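Engineer: sequence isn't available, so here's the structure alone:
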């Protein structure tokens, strides 16, 4: 029953997107790159193996290796908050044999917080919005609140006493809490860490009182954290009574997504064929179930939807970075 419920959850967010993506591709288009690929395809992932970007991308490439008769090989190029991998991708030969995968922050927060060697709108070709992940807004049990409204009231009555931990400066986990600060009119203090595991340890110990990484979810069930909101498109199937952050704050349109891009000059027929194959993979029940076990969800939207989301989030986080005077050296 739980598996069926999880797959139904995935279907809510995926079915219409996959249908739109596949339907928008003319039938003749599948034949415009009939000989591609004729050799292995490299897919650069801009974070280390085992991270969320790797976990979101590798299952898709495994499916494409099976369906297209050539290996789609992951090359992990981490560093500089994802900038190293993106730079390697945009500088690659645009022959259809190199793509790169990245999460939202590397394209929308990072370029707004410091100069980057790439422009997310001029230096890359959008291919597919292939996956999403669940983030949260959770508080330590020591805070006497069980809803977001109660938490906001507590924070207003106790200025300077609430800290939030993030996986680093300029990350989406920081932006979640900064948006709550702005929308709720409160002043939580940001404590950046080097990653989600390190910040989780301090959160469970009560050294920071607010946490936004999805890896806290098992601790909610154990009573070591209180979940006030889910940062996702839809409510989480294991916590159906917990609202999404957007339900609480309509302007908090935050989503941790992952996209696949190609260097400028990559032949359009290849880009479209790649997008169509990713859309098919996204609809696969086995892939959906695998991703859900990792707090991920397949998407499958095509280039037009992806570039629109990049623009939306670039503007959203750009304004937030400017308003909060966030700088990264």
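Structural biologist: Okay, I see it. Being a predicted model, the structure only gives us computed values, none of them experimental.
Engineer: my read is that residue 309 contacts residue 126, right?
Structural biologist: No. Contact criterion CB atoms under 8 Å: residue 309 and residue 126 do not qualify, at 9.2 Å. Glycine gets a C-beta too; all of them are placed from N, C-alpha and C.
Engineer: what do the two both touch?
Structural biologist: residue 259 (CB atoms under 8 Å, 6 or more residues apart in numbering).
Engineer: these two - which one has more neighbours?
Structural biologist: residue 126 (24 against 20; other CB atoms under 10 Å).
Engineer: same question for the helix or strand containing the more buried one, mean pLDDT?
Structural biologist: For residue 126, the host element (DSSP states H and E) is strand 125-133. Strand 125-133 shows an average pLDDT of 96 in the prediction.
Engineer: mind listing what it pairs with, with the direction of each?
Structural biologist: strand 256-262 (antiparallel), strand 296-301 (antiparallel) (DSSP bridges).
Engineer: OK, contacts around the nearest residue to residue 256 once chain neighbours are set aside?
Structural biologist: Leaving aside its sequence neighbours, residue 256 sits nearest to residue 133 (CB to CB, 6 or more residues apart in numbering; 4.6 Å). Neighbour list for residue 133: 52, 56, 214, 256-258, 295-297 [criterion: CB under 8 Å, 6+ apart].
Engineer: cutoff 10 Å now
Structural biologist: 52-53, 55-56, 103-104, 172, 213-214, 231-232, 255-258, 291, 294-297 (CB atoms under 10 Å, 6 or more residues apart in numbering).
Engineer: swap in residue 186?
Structural biologist: Contacts of residue 186 were listed using CB under 10 Å, 6+ apart, and they are 151-156, 158-159, 162, 177, 180.
Engineer: one step back: present the strands paired with strand 125-133 as CSV; the columns should include distance to residue 247, mean pLDDT and mean neighbour count.
Structural biologist: Compiled in CSV, the strands paired with strand 125-133 are given as follows (distance: least, CB to CB, whole Å; pLDDT from 0 to 100; neighbours: other CB atoms under 10 Å):
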stretch, distance to residue 247, mean pLDDT, mean neighbour count
strand 256-262, 17, 96, 26
strand 296-301, 18, 93, 27
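Engineer: one step back: out of the contacts of residue 133, which are buried?
Structural biologist: 52-53, 55-56, 103-104, 172, 213-214, 231-232, 255-258, 291, 295-297 (16 or more other CB atoms under 10 Å).
Engineer: now, those that are in strands?
Structural biologist: 103, 231, 256-258, 296-297 (DSSP state E).
Engineer: show me the shaky parts of the stretch 151-300 of the chain.
Structural biologist: 194-196 (pLDDT under 70).
Engineer: strands along this protein, start to end?
Structural biologist: 41-45, 72-76, 98-103, 125-133, 135-139, 163-166, 189-192, 210-211, 226-231, 256-262, 296-301.
Engineer: quick one: residue 207 from residue 218, how far?
Structural biologist: According to CB to CB, to the nearest Å, residue 207 stands 19 Å off from residue 218.
Engineer: next up, the contacts around residue 55.
Structural biologist: Residue 55 neighbours (CB under 10 Å, 6+ apart): 45, 47, 49, 131, 133, 258, 290-291, 293-296.
Engineer: how close does it get to residue 254?
Structural biologist: Between residue 55 and residue 254 the distance is 20 Å, computed by CB to CB.
Engineer: equivalent analysis for residue 138, please.
Structural biologist: 15 Å.
Engineer: again with residue 124
Structural biologist: Distance, residue 124 to residue 254, using CB to CB: 22 Å.
Engineer: pLDDT value on residue 78, please?
Structural biologist: According to the model, residue 78 carries a pLDDT of 85.
Engineer: quick one: it from residue 44, how far?
Structural biologist: In terms of CB to CB, residue 78 sits 10 Å off from residue 44.
Engineer: got it, and residue 270?
Structural biologist: 16 Å.
Engineer: residue 219: what's its closest spatial neighbour, skipping adjacent residues?
Structural biologist: Counting by CB to CB, 6+ apart, residue 219 lies nearest to residue 225, which is 4.6 Å off, once chain neighbours are set aside.
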